[in-house]
Structures are given as structure tokens and as C-alpha cells.
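Student: sequence first, then the predicted structure:
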Amino acid sequence: MSEQSTAVAGGEAGTAATTKEAADAQAPVKPKNNRAWFLVLPVVVSVAFTAVIPLMTVVNFSVQDVFSPDDRIFVGLEWFRSVARDPEVRAAFVRTLIFSAQVLLLEIPLGVALAVAMPRRGVWVSVALVLVALPLLIPWNVVGTIWQIFARPDIGLGGWAINNVLGLDFNYTLDSTDAWITVLIMDVWHWTPLVALLAYAGLRSIPQPYFQAAQIDGASAWAVFRHIQLPRLRGVLTIAILLRFMDSFMIYTEPFVVTGGGPGNATSFLSILLSKIAVGQFDLGPAGAFSLLYFLFVQILCYVFFTVLTRSGR
Amino acid sequence: MQWMVWTLPTAMVFAGLALLLAGMAIWGHFSPPVARRGFLRIETDRGDRLYIGLISAAVVLAGWIAVTDLSMWLALACALAVAIVIGVWG
């Protein structure tokens, strides 16, 4: 009886909605109200002041050899040519791409595994959430400092243990592979929690009947993961992959604090090389051209990110 | 404005971009953009295609300067062609 009345009520609501839609369709189309533009004007002004004007200045610098505002020479596209063909820049680009790829290959599976292993209900939920989120709350340069000390073979617990307990010869200040591994593991430690939290949120949103149906069918834990959880995580994992790719591609603070780009230039990623040219050598022309090429690449990534996020459902 | 170290070519590029945006805004006011699907396989309106076209043109220019010594005017012609193709059929 109650089911019937719900159905009737639902039907009435449906009819009401249809009538309203029909009324909306018949109403004349409202002209666009452009006064909203005045409301976003403060944002436009502040963005122009903090981002657009400095970026225009970078463009101006990238086509000149500037000694002072009064003493400068127009060099055309010379800096772009030299930066785009510089073997050091190309090596840093490849290095940064490899680093980003490794970050994704490690952090995404680890983050998903962590999310699957985290408790679903009870008091341990908040404990697990806080513990997992802890690395995300630490300022980036502090993360660098922690790992700079932790991985040292003489006074750091991690470095000491690798040398004396595992018996491996590990010194990130001398060996380029060790330095790379240290920076990579530091990034995994710092950012896997983000992937885990995103994946955990995704897992929590899967309706319970899916799991009940799987239980009735006698599905194994792997089958549940492969056919229910993983497909349902597609959306959040897209966000996680793109976020982590962009962030790791722009990584600066942590490797700067831990290795400073060394030993040699084993860990000098694009941003570290850029700041060396711009701030260290004060070559503002080449640094401007470098920034614009770097910006172009990141801009393309951002656009792909935005497009995938907003249009994947359509 | 002295600190911005302006040059005539960069000023012309930015003036051109500003004119392009203003033109698009006026065009959009008189004939609102319609989203459709072209060879890019995503739904775009003319503003989206302008943006994708400009970014693609920049990629052509950057790639050109990285690999060849041929004239940059030729590169500019290719970049414009790419932008136009994306703008019309993208």
C-alpha cells in the first residue's frame, strides 16, 4: 500500500516537473546580463597586476640582452634558439619527465593499495586518516630538511641503517643514483598520501549493493577490486594522475634542499636549472626564454587536465 | 613602465592579442558562440578553438626553433596555418 502511494506521489511530482519545464520552454529567452563582468573586475585587476604584467615583462626580457633598463640590446629569438638547443636544458627536461613517470608508477598503485587497506568504519577511520595525511601537512622545505638529515650515512637514521644494517654502500651526496633514489622516495613519502586520500574518498562513494552482489556471487577480494573498485575509481585516479604529474614536473623545493641539484647535475630538474640561470647567473634573457618554453609545456598539461576533468563525462 | 623593458615587436604582439580578444568579445556579443565537435573530437566553441590554435601555433614555433635553422617567417606561416585549420575545422 505504502509502495503504491509513493509511486503515485512520484508520478505527480514527475508531472509537475514536466509542466514546469514546458512553461520554461515557452518563456522568452532572457538576454545575457553582462553586469556580472563588473563583479569579476577586481579579480581581473588583481590577476593582471600579479600575473599578467609580470609575464609580459618576462616576454620582454626573453627577446633582449638587458644590462639595465636603459642599456639593453634587442636580440630577437636568439635566447629561444640557444635555450631550446642547450644540451643541459634538454637533459633536464628528459630527467624531469623520467622523474614524473617514476613518481606516477610508484605513487598511484601505492596510494590505491593504501586506500583499499584503510578501515571503512569505526574509530580507526580517523586515526588512519590523520596518520596518512600527516606528510601532507609538513611544509615542503621542512620535508626536504627531514630527508636531508634522515638519509645521511653519518648522522641520519635511514642512511645509517642502509649502510650498517643492510650493508649497502649508500651516500646521496656522492653517488648520483643514491641521490636520485633519495629524492624519489622522499616524493613518494610526501605525496602518496594525497593519492591515498583521493582514492579513499572514491572508494567510500561506491554504493554498498555492489559489494553485496559480489558477495552473493562469491567473488574473491581481487575480483571485487578489479571489477568493482578500480572501474569506480577512474574519475578520482584521473585527477590524482594529472595532479601528481604536474606537481612532480614542477618539483623544486625538496630536491633543492636535499641535493641542490647534485651530485654533478644528477637531480637538477627543470625548475632547479631555471632558477640557477635566473637567480644564480642573473641571465634574465635566457631565463625568460626558458620560462616561456617551460610555461608553454605546463600550460598544455593544464589544459589537458582541465579538458579531461570537465569533458570526460560528455 | 621603464622596468618592463618594452620593445616594439613584443608590444605589437600583445596589442594584437588584446585586439583579438576584444574582437572575439564583440563577435560573441552579436553572435553567441555555438559549441560543436570537429576533428579534435571534443566539444569546442570558437573561443576554445582560438586558445587551442594559439597554443598549437606556439608549439610549432618552439619546435621549429629547437630543430631547424630555416627562416622563422616560414615557421610563422606554418603556425598560422595550424591555428587556422584548428579554428575552422577543430
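Tutor: Received the coordinates, thanks.

Student: residues from chain B in reach of chain A?
Tutor: B:2-7, B:9-10, B:13-14, B:29, B:32, B:42-43, B:51-52, B:55, B:58-59, B:62, B:65-66, B:72 (CB under 8 Å from any CB of the partner chain). For every residue, glycine as well, the C-beta is placed using N, CA and C.

Student: excluding chain neighbours, what is closest to the residue most central in space within chain B?
Tutor: Centroid-nearest residue in chain B, with CA atoms, centre = their mean: residue B:54, separated by 2.6 Å. Of all residues not flanking residue B:54 in the chain, residue B:83 sits nearest, at 6.3 Å (CB to CB, 6 or more residues apart in numbering or on different chains).

Student: and for the residue of the stretch 1-150 of chain A found nearest chain B, the neighbour number?
Tutor: Closest to chain B within the stretch 1-150 of chain A is residue A:84: 3.7 Å, counting by CB to the nearest CB. Residue crowding around residue A:84 was assessed by other CB atoms under 10 Å in any protein chain shown; the count is 20.

Student: was I right to think it contacts residue B:62?
Tutor: Yes - using CB atoms under 8 Å, residue A:84 is in contact with residue B:62, at 6.5 Å.

Student: need the residues touching each of these two.
Tutor: residue A:293 (CB atoms under 8 Å, 6 or more residues apart in numbering or on different chains).

Student: who does the helix or strand harbouring residue A:60 touch, helix- and strand-wise?
Tutor: Element membership of residue A:60 [criterion: DSSP states H and E] is helix A:53-62. Applying 3 or more CB pairs under 8 Å, 6 or more residues apart in numbering or on different chains; DSSP states H and E, we find helix A:53-62 packed against helix A:284-311, helix B:8-30.

Student: contact partners of that helix?
Tutor: Contacts of helix A:53-62 (CB under 8 Å, 6+ apart): A:79-80, A:284-285, A:287-289, A:291-292, A:295, B:3-7, B:10, B:13-14.

Student: so where is the stretch 1-150 of chain A shaky, pLDDT-wise?
Tutor: A:1-33 (pLDDT under 70).

Student: wait, what's in contact with residue B:61?
Tutor: The neighbourhood of residue B:61, defined by CB under 8 Å, 6+ apart, consists of B:72, B:75-76, B:79.

Student: if you set the cut-off to 7 Å instead, what comes out?
Tutor: Going by CB atoms under 7 Å, 6 or more residues apart in numbering or on different chains, residue B:61 touches B:75, B:79.

Student: and what about it, helix, strand or coil?
Tutor: Here residue B:61 is recorded as helix under DSSP: H, G, I helix; E, B strand; the rest coil.

Student: what about the closest residue to residue A:170 other than its chain neighbours, how many neighbours?
Tutor: Here the nearest residue to residue A:170 in space, its sequence neighbours aside, is residue A:162; by CB to CB, 6+ apart that works out to 4.3 Å. Residues near residue A:162, counting by other CB under 10 Å, number 20.

Student: residue B:36 now?
Tutor: 11.

Student: which strand residues sit across from it in the sheet?
Tutor: Residue B:36 has these beta-bridge partners by DSSP bridges: residue B:44.

Student: next, the residue nearest to residue B:54: secondary structure please.
Tutor: The three-state assignment at residue B:83 reads helix, by three-state DSSP.

Student: against chain B, how distant is residue A:247?
Tutor: 21 Å (CB to the nearest CB, to the nearest Å).

Student: so that residue is in which element?
Tutor: Going by DSSP H and E, residue A:247 is part of helix A:234-249.

Student: need the contact partners of that helix.
Tutor: A:96, A:99-100, A:103-104, A:107-108, A:111, A:187, A:191, A:195, A:198-199, A:201-202, A:298, A:301, A:305, A:308-309, A:312.

Student: the inter-axis angle of that helix versus helix A:284-311?
Tutor: Here helix A:234-249 runs at an angle of 180 degrees relative to helix A:284-311 (axes from the mean of the first three to the mean of the last three CA atoms, to 10 degrees).

Student: pull out the buried residues from helix A:234-249.
Tutor: Residues of helix A:234-249 classed as buried: A:236-237, A:239-242, A:244-245, A:248-249 (neighbour count, 16 or more other CB atoms under 10 Å in any protein chain shown).

Student: identify the residues contacting residue A:262.
Tutor: residue A:179.

Student: now list the buried members of the contacts of helix A:53-62.
Tutor: Buried subset of those (neighbour count, 16+ other CB under 10 Å): A:79-80, A:284-285, A:287-289, A:291-292, B:4-7, B:10.

Student: not counting its neighbours along the chain, what's nearest residue B:78?
Tutor: Nearest non-adjacent residue to residue B:78, counting by CB to CB, 6+ apart: residue B:60, 5.5 Å away.

Student: likewise residue A:163?
Tutor: Residue A:163 sits nearest to residue A:153 (CB to CB, 6+ apart), 5.0 Å away.

Student: report how many residues lie close to the one you found.
Tutor: Counted by other CB under 10 Å, the residues lying close to residue A:153 total 19.

Student: assign a three-state SS to residue A:154, would you?
Tutor: Here residue A:154 is recorded as coil under three-state DSSP.

Student: for chain A, what is the nearest residue in chain B?
Tutor: Residue nearest to chain A within chain B (CB to the nearest CB): residue B:66, separated by 3.7 Å.

Student: and whichever strand or helix holds that residue, what's buried?
Tutor: Per DSSP H and E, residue B:66 falls inside helix B:46-67. Using 16+ other CB under 10 Å as the test for burial, helix B:46-67 gives B:46, B:48-50, B:52-58, B:60-62, B:64-66.

Student: got the angle between that helix and helix A:284-311?
Tutor: Going by the same axes, to 10 degrees, helix B:46-67 makes 140 degrees with helix A:284-311.

Student: off-centre distance for helix B:46-67?
Tutor: Its chain's C-alpha centre and that of helix B:46-67 lie 7 Å apart, by CA atoms, centre = their mean, to the nearest Å.

Student: could you do stretch B:40-53 as well?
Tutor: 11 Å.

Student: C-alpha coordinates for that stretch, PDB please?
Tutor: Extracted in PDB, the C-alpha atoms of stretch B:40-53 (Å, rounded to 0.1, in the frame of the first residue of the first chain):
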ATOM      1  CA  LEU B  40      39.700  17.400 -32.300                       C
ATOM      2  CA  ARG B  41      36.900  15.100 -31.100                       C
ATOM      3  CA  ILE B  42      36.000  17.300 -28.100                       C
ATOM      4  CA  GLU B  43      33.200  19.800 -27.900                       C
ATOM      5  CA  THR B  44      34.600  23.300 -28.500                       C
ATOM      6  CA  ASP B  45      33.200  26.700 -29.300                       C
ATOM      7  CA  ARG B  46      35.200  29.300 -31.200                       C
ATOM      8  CA  GLY B  47      36.900  30.700 -28.100                       C
ATOM      9  CA  ASP B  48      38.200  27.200 -27.200                       C
ATOM     10  CA  ARG B  49      39.400  26.700 -30.700                       C
ATOM     11  CA  LEU B  50      41.200  30.100 -30.700                       C
ATOM     12  CA  TYR B  51      43.000  29.100 -27.500                       C
ATOM     13  CA  ILE B  52      44.000  25.600 -28.700                       C
ATOM     14  CA  GLY B  53      45.000  27.200 -32.100                       C
END
